[in-house]
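*Asks:* Sequence plus predicted model, see below.
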Amino acid sequence: LPEYAFIGRSNVGKSSLINMLTERKSLAKTSGRPGKTQLINHFKINENWFLVDLPGYGYARVSKKDKKTFQKYITDYFTQREQLVCAFVLVDIRHSPQKIDMEFMEWLGENQVPFCIIFTKADKLKPGAIERNVNAYLNEMENGLWEEAPSYFITSSSKNMGREELLTYIDGINTDFFQALKN
Ligand code: GDP
């Protein structure tokens with residue numbers, strides 16, 4: 001089955017987002033403690049696709065050796081996984097573009113991994129600030145190596161915001177995926 005990967009810096013709100021999408025509150029463990037998701041977890045959605053929960057990157061408090069192990073996990077997954085259709089890179093909407101996220105997206109681009117950006121924790125900002133921060137991200141990408149900015153979603157897990165848009169988008173690419181298989 002096709003897979004859609006979710007990844008971002010630790011504490012970005014990935015577990016909360018996955019719980020919002022899956023409505024299975026007990027599965028992805030949320031916590032204020034960074035680095036809780038350490039293995040690759042699969043969630044079967046709608047019988048025809050998998051949501052894949054990848055370890056977070058950019059831990060402040062783990063050893064160099066652990067960092068390397070996580071990195072290898074992630075790069076192996078993205079470069080070897082044939083079922084992977086799209087990666088969703090989560091970024092906290094409150095922050096200006098972060099080097100580690102930009103580098104990660106560049107790396108995805110270089111490795112031909114299609115991706116979208118998911119802005120998280122939108123409930124923490126007013127609409128004007130949301131727009132400003134989203135534009136800062138898109139401008140930064142357009143000024144970089146990118147010919148066009150990726151698709152993006154604005155979400156809040158605590159306000160249940162962005163869920164339908166995201167699931168509808170995934171269902172759309174998923175339908176295309178199965179259509180392409182048939183042809
Ligand atoms: P992960 O480490 O990326 O899996 O992040 P978590 O889902 O565990 O969330 C990290 C922290 O951010 C927790 O304290 C969550 O309650 C909080 N959080 C996550 N999503 C949201 C959101 O949409 N809005 C708000 N206000 N807080 C959030």
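*Replies:* Perfect, I can see it now.

*Asks:* where in the chain is pLDDT low?
*Replies:* Scanning the chain for pLDDT under 70 picks out the ranges 24-38, 59-62.

*Asks:* Buried residues, the longest helix seen in the chain. List them.
*Replies:* Secondary structure assigned by DSSP state H gives helix 163-182 as the longest helix of the chain. Of all the residues in helix 163-182, those buried under the rule 16 or more other C-beta atoms under 10 Å are 163, 166, 169-170, 173-174, 177. Every C-beta, even on glycine, is put in place using the N, C-alpha and C of the backbone.

*Asks:* Let's see that helix as CSV, backbone CA atoms only.
*Replies:* What follows is helix 163-182, C-alpha atoms only, in CSV (Å, rounded to 0.1, in the frame of the first residue of the first chain):
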residue,chain,number,x,y,z
ARG,A,163,-7.8,17.8,9.0
GLU,A,164,-10.3,17.6,6.2
GLU,A,165,-8.0,19.5,3.7
LEU,A,166,-5.1,17.2,4.5
LEU,A,167,-7.1,13.9,4.2
THR,A,168,-8.8,15.1,1.0
TYR,A,169,-5.4,16.0,-0.5
ILE,A,170,-4.0,12.6,0.4
ASP,A,171,-7.0,10.8,-0.9
GLY,A,172,-6.6,12.7,-4.2
ILE,A,173,-2.9,11.7,-4.7
ASN,A,174,-3.8,8.2,-3.5
THR,A,175,-6.5,7.8,-6.2
ASP,A,176,-4.0,9.0,-8.8
PHE,A,177,-1.5,6.4,-7.4
PHE,A,178,-3.9,3.5,-7.9
GLN,A,179,-5.0,4.9,-11.3
ALA,A,180,-1.4,4.9,-12.5
LEU,A,181,-1.0,1.3,-11.3
LYS,A,182,-4.0,0.2,-13.4
